[in-house]
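Engineer: Sequence and predicted model, in that order:
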Amino acid sequence: MDTSTRLDALTDFFDRYGAAVTAGDLPAIAGCFASPAMVVADGYSFSFSSPAAVALSFVGAAPDYQRQRIVAAHARFAEVRPVSVGLVAVGVEWEYLDAAGRSVPGRHFHYLLRLGRDGVRICTVTPLD
């Protein structure tokens, strides 16, 4: 996959993922993760062993977005670095938009993604702030 195609695939993936997260679409969110997948942070780590485990961990996210009136999320790439033929490391700054069209401060994450025949999947996500 050439660089342009890879960036297009990553943009499409993060557009779908951001839309799923802000809409609280648990099956779509779960479909964005490899199995197993991990969250690794400074003070904790946990793994998802199935799509159901991913969905369960995101049950509380949708109400948080609704409370903040966030209706859209856009991923800005801070870094895209191939790791191997099928893996890419991506630094993302999320930009959020509320129902009034105002920008809401976003969060930064580092993702390790697998690029496979079935599309892009999150293997590891690390919150950076």
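Structural biologist: Arrived safely, thanks for sending.

Engineer: only C-alpha atoms for contact and neighbour calcs from this point on.
Structural biologist: Fine.

Engineer: can you pull the buried residues of the helix or strand of the chain with the lowest mean pLDDT?
Structural biologist: Ranking every helix and strand in the chain by mean pLDDT, DSSP states H and E puts helix 61-67 at the bottom, with a mean of 79. When neighbours are counted by 16 or more other CA atoms under 10 Å, the buried residues of helix 61-67 are found to be 62, 65.

Engineer: For the helix or strand following that helix, buried residues please.
Structural biologist: Beyond helix 61-67 in the direction of the C-terminus, DSSP states H and E gives the next helix or strand as strand 70-82. Neighbour-count burial for strand 70-82, with 16+ other CA under 10 Å as criterion, is recorded at 70, 71, 72, 73, 74, 75, 77, 80.

Engineer: Using CSV, write out every CA atom in strand 70-82.
Structural biologist: Only the C-alpha atoms of strand 70-82 are listed here, as CSV (Å, rounded to 0.1, in the frame of the first residue of the first chain):
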residue,chain,number,x,y,z
ILE,A,70,-20.3,16.9,21.2
VAL,A,71,-21.7,15.9,17.8
ALA,A,72,-18.5,15.3,15.7
ALA,A,73,-14.9,14.2,16.1
HIS,A,74,-12.1,14.8,13.6
ALA,A,75,-8.7,13.1,13.8
ARG,A,76,-5.7,15.3,13.0
PHE,A,77,-2.6,13.2,12.4
ALA,A,78,0.4,14.4,14.4
GLU,A,79,2.5,11.4,13.2
VAL,A,80,2.1,8.5,10.9
ARG,A,81,4.9,6.0,11.0
PRO,A,82,5.0,2.6,9.4
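
Engineer: Relative to that strand, what are the paired strands and their orientations?
Structural biologist: strand 87-98 (antiparallel) (DSSP bridges).

Engineer: ok, for residue 114, nearest residue in space, not its chain neighbours?
Structural biologist: Once flanking residues are discounted, residue 114 sits nearest to residue 87: 4.7 Å by CA to CA, 6 or more residues apart in numbering.

Engineer: same check, this time on residue 29
Structural biologist: residue 20 (5.7 Å).

Engineer: contacting residues for the one you found?
Structural biologist: By CA atoms under 8 Å, 6 or more residues apart in numbering, the contact list for residue 20 reads 26, 28, 29.
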